[in-house]
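J.: quick one, fold the following:
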Amino acid sequence: MSMLPAPSSGARGSHVSRLAPPGSLTKRIREGSVDLESGLDAKKSRMEEPGAPVTNLAKSMSKSMMNIADKAKPAAGRVGTAGRVGIAAGGSKPKVSVTRPGADRRQTTTALNDRTNSSKSRPGLAREKSSSVRGPAGAEKPAGKAASSKRPAWDLKGRLEDMEKMFDHTNRRVEDLETEKQTLQTDVEVKKEVVVQSSEEIRTLRSNIERSEQELENLRKSLRQKEEQFNEETVRLKRQLEDELYTKNSLERRLKGLEDELSSKQTEVAGLKNSVAELSSSRAGVEASLSGAKTELEAARTQILALKTESERKSEEIKTSLAAQEEMQAKLRWEESERRKLHNLVQELKGNIRVFCRMRPLLGEEKDGVDEIRHVNIQGEKTLELIKTVDSANESIAGGLNKNMKYDFEFDRVFGPTSSQADVFAEISQLVQSALDGYNVCVFAYGQTGSGKTFTMEGGPAIENDESECGMIPRTIRQIFEVQEKLKEKCWQYKLQASFLEIYNEEIRDLLTSDTNYKCEIKMSDSKGTDLHVTNLKSEEVTSESQIASMIRRARKNRAQAKTLCNERSSRSHSVFMLKIEGYNTATTETCCGTLNLVDLAGSERIKDSGSEGMRLTEAQAINKSLSNLGNVIMALAQKNSHVPYRNSKLTHLLQNCLGGNSKTLMFVNISPKEECFSETLNSLRFATKVNQCNIGTACKKAAK
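T.: Now for the predicted structure:
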């Protein structure tokens with residue numbers, strides 16, 4: 001340690017430090033410890049033995065040792081020359097010249113040990129630093145003399161110079177200590193890396209030892225098995241030897257007897273030689289046959305190779321066909337998406353609310369005395385003419401309104417009395433396809449009582465036996481299942497949920513259950529949306545057409561019906577069949593959600609004609625009121641009013657989505673062929689004309705949530 005100026009006389013006694021002097025790198029040897037360098041030297045000597053395998057760990061450790069040696073030698077040079085470097089004027093740091101000698105790859109471990117143990121030469125460096133103290137002019141003075149001479153208290157300049165020299169000396173010591181610290185840190189990191197690599201090698205060796213022990217155990221098991229087999233073979237051979245010895249003794253006893261027979265046997269041997277010659281000839285024939293079999297075998301092998309080549313070629317062709325099939329499937333899915341878009345465009349061009357007019361044929365007693373229907377003239381597929389005729393005997397002079405009049409009407413389609421249920425459904429099947437594509441669809445039948453609305457929507461009473469009488473509801477389900485089966489090839493899967501309700505006297509009833517304790521109300525699905533749902537309404541998943549037939553039977557049983565003067569079996573409520581269709585494409589992850597509403601409205605009737613009284617009168621008033629509100633909604637939509645009175649009745653409230661622009665809507669206007677119902681027919685056709693003139697906007701496709 002460098003010598004500092006002696007403390008003043010007033011200072012306390014000298015204190016001896018127990019720490020190692022700065023710059024000294026002498027290691028404190030602990031008892032029982034093993035130096036890491038000596039362990040590495042021993043390991044390196046084992047690795048360098050002739051014939052010893054060189055591992056990757058040894059190579060990486062050799063490279064790291066060589067890098068340590070390259071770094072250690074310049075550091076030692078700096079330590080050795082630190083005492084001989086002069087302090088530049090102004091307190092600048094000493095400049096150290098570093099020379100990097102070449103490193104020998106075979107001496108890397110020795111260099112690491114030399115560097116680790118180089119602390120033994122550090123005390124000399126400290127003594128060299130403390131052996132001289134520079135004076136004010138830069139001349140060196142002995143350390144003892146500098147310590148013994150004291151400057152007077154008034155020599156502030158000299159004392160300041162001494163303090164600067166001490167400060168420079170302390171800076172050099174700090175730099176040396178920092179250098180030694182970095183060297184030691186590098187040394188520690190390298191040794192840590194060596195330890196980690198040694199640990200990895202130890203784990204590898206242990207795994208090799210375990211694998212070798214496993215192999216040794218297997219060899220021992222095999223050896224035990226061989227020993228057992230050998231013992232068994234030895235016992236067998238001993239028994240065989242005993243048998244041979246017994247046979248030998250027997251043969252020796254028989255030898256004398258056989259010698260007598262030798263002469264006779266020699267004669268037999270001559271005959272046997274002839275037999276051997278014959279057998280040799282036979283063997284030649286067998287060898288020829290064997291050669292032919294070998295030739296056939298080679299031909300079979302050649303044929304097998306050809307078949308393998310053909311099989312590989314066919315496999316490639318199959319793979320190519322599968323790739324082409326997958327490409328065609330992708331094209332089919334794309335074409336299905338395009339078809340849906342074009343189909344929706346066609347339906348939009350046809351109009352959002354389409355109106356079909358249907359007139360039923362004359363039934364039973366209605367045909368008596370009537371040859372043809374004279375007051376309705378169907379002029380084409382889209383037009384009809386309503387003719388009011390008055391008999392001349394009943395004409396009055398002033399009766400200006402009683403003269404013959406004609407009313408022309410035009411709709412999207414007009415069906416006459418001869419049109420079948422299949423003809424009618426063929427026109428609305430496109431709307432059913434729109435429901436499968438994810439759009440809301442509504443089909444409702446409007447008309448006076450007894451005009452055939454229920455027959456059109458549900459079918460006749462014998463739909464189970466006669467398919468021609470099936471109405472729009474069963475035919476719709478049949479088409480949905482048929483299209484569903486076809487779309488399975490295009491990776492579409494559908495889930496159907498059906499419900500059936502009626503609106504009776506402004507009260508919603510569930511037709512699929514006979515329990516009347518639950519009250520059904522119309523609610524919005526969410527606060528921001530426009531979708532409506534009916535609370536406490538039973539919904540059943542549909543998996544077959546037979547379920548729909550069962551649902552129709554239950555609905556007919558529970559629906560309100562009564563006999564009036566106008567109709568023998570009059571519906572006293574509005575029935576609504578709702579089918580929710582959810583689709584998912586497993587290939588494109590596309591989803592869709594559509595709702596199909598099929599509505600059978602109760603017939604409008606004149607109370608004086610129907611003769612309704614009591615409960616029938618209340619029902620008729622509720623029916624006429626709801627139909628009147630439906631007309632008010634249609635008028636508001638046609639006039640583009642800002643407020644549409646949907647909530648004035650349960651019927652218009654339930655059909656709000658169908659009439660409000662988010663649905664593709666079709667209305668059947670059913671008219672009676674009886675001439676005495678001319679006024680009701682005229683009112684129905686006028687109402688249908690107003691509906692046909694409404695423009696409610698474009699329906700939007702819905703995706704499943």
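J.: so is Tyr407 in a helix, a strand, or just coil?
T.: Secondary structure state of Tyr407, per DSSP: H, G, I helix; E, B strand; the rest coil, is strand.
J.: if I pick it, what's in contact with it?
T.: By CB atoms under 8 Å, 6 or more residues apart in numbering, Tyr407 lies in contact with Glu385, Leu386, Ile387, Lys388, Leu682, Leu685. (Each C-beta comes from the backbone N, C-alpha and C, glycine too.)
J.: please pick the buried ones from those.
T.: Leu386, Lys388, Leu682, Leu685 (16 or more other CB atoms under 10 Å).
J.: helix or strand for the closest residue to Asp408 other than its chain neighbours, which one?
T.: Nearest non-adjacent residue to Asp408, counting by CB to CB, 6 or more residues apart in numbering: Glu385, 5.5 Å away. Here Glu385, judged by DSSP states H and E, is contained in strand 383-388.
J.: now do the SS call for Asn641.
T.: coil.
J.: for the protein, name the helix or strand with the lowest mean pLDDT.
T.: The least trusted helix or strand in the chain, going by mean pLDDT, DSSP states H and E, turns out to be strand 132-134, with a mean of 39.
J.: how long is stretch 497-512 end to end?
T.: 13 Å (CA to CA, to the nearest Å).
J.: and the average pLDDT for that stretch is what?
T.: For stretch 497-512, mean pLDDT is 90.
J.: what's in contact with it?
T.: 516, 518, 520-522, 534, 536-542, 547-548, 551, 554-555, 558-560, 572-580, 582, 618-619, 622, 626, 649-651, 654.
J.: mind giving me the PyMOL command for buried ones among those?
T.: A single PyMOL command selects the buried members of those (16+ other CB under 10 Å):
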select buried, resi 520+522+534+537+539+542+548+551+555+558+559+560+572+573+574+575+576+577+578+579+580+582+619+622+626+649+650+651+654
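J.: the contacts of stretch 497-512 in strands, which ones?
T.: 522, 534, 540-542, 574-580, 582 (DSSP state E).
J.: show me which pair in these is furthest apart.
T.: His574 and Glu582 (26.1 Å; CB to CB).
J.: ok so, going back, and the buried ones among the contacts of Tyr407, which is closest to Glu427?
T.: Leu685 (18.4 Å).
J.: which ones are touching that closest one?
T.: Leu685 touches Cys357, Leu386, Tyr407, Phe409, Val669, Ile671, counting by CB under 8 Å, 6+ apart.
J.: isn't the second one right up against Leu682?
T.: Yes - with contacts defined as CB atoms under 8 Å, Leu386 counts as touching Leu682 at a distance of 6.1 Å.
J.: can you redo the ones in strands among the contacts of stretch 497-512 as CSV with pLDDT and distance to Leu237?
T.: What follows is the ones in strands among the contacts of stretch 497-512, written out as CSV (pLDDT from 0 to 100; distance: CB to CB, whole Å):
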residue, pLDDT, distance to Leu237
Ile522, 87, 102
Val534, 88, 97
Glu540, 90, 86
Glu541, 91, 81
Val542, 88, 84
His574, 90, 106
Ser575, 89, 101
Val576, 90, 100
Phe577, 90, 95
Met578, 90, 94
Leu579, 90, 90
Lys580, 90, 89
Glu582, 91, 83
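J.: buried residues in stretch 494-513?
T.: Buried residues in stretch 494-513 (16+ other CB under 10 Å): 494, 496, 498-505, 508-512.
J.: and the two most separated of those residues?
T.: It's Tyr494 and Asn505 that sit farthest apart of the buried residues of stretch 494-513, by CB to CB, at 36.2 Å.
J.: mind checking pLDDT for Gly90?
T.: Confidence for Gly90, expressed as pLDDT, is 38.
J.: from Arg224, how far off is Glu217?
T.: Distance, Glu217 to Arg224, using CB to CB, to the nearest Å: 11 Å.
J.: quick revisit: in strands, which of the buried residues of stretch 494-513 appear?
T.: Per DSSP E, the subset of those in strands is Tyr494, Leu496, Ala498, Ser499, Phe500, Leu501, Glu502, Ile503, Tyr504, Ile508, Arg509, Asp510.
J.: got those as a markdown table, with distance to Glu335 columns?
T.: Output for these, formatted as a markdown table (distance: CB to CB, whole Å):
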| residue | distance to Glu335 |
| --- | --- |
| Tyr494 | 19 |
| Leu496 | 24 |
| Ala498 | 30 |
| Ser499 | 34 |
| Phe500 | 36 |
| Leu501 | 38 |
| Glu502 | 42 |
| Ile503 | 42 |
| Tyr504 | 47 |
| Ile508 | 42 |
| Arg509 | 45 |
| Asp510 | 41 |
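J.: what's the closest of the residues you listed to Lys150?
T.: The closest of these, once distances to Lys150 are taken by CB to CB, is Tyr494, at 109.2 Å.
J.: now do the contacts for the closest one.
T.: Leu436, Ile480, Gln484, Leu487, Ile581, Glu582, Gly583, Tyr584.
J.: what do you get if the cut-off is 6 Å, keeping everything else the same?
T.: Neighbouring residues of Tyr494 by CB atoms under 6 Å, 6 or more residues apart in numbering: Gln484, Gly583.
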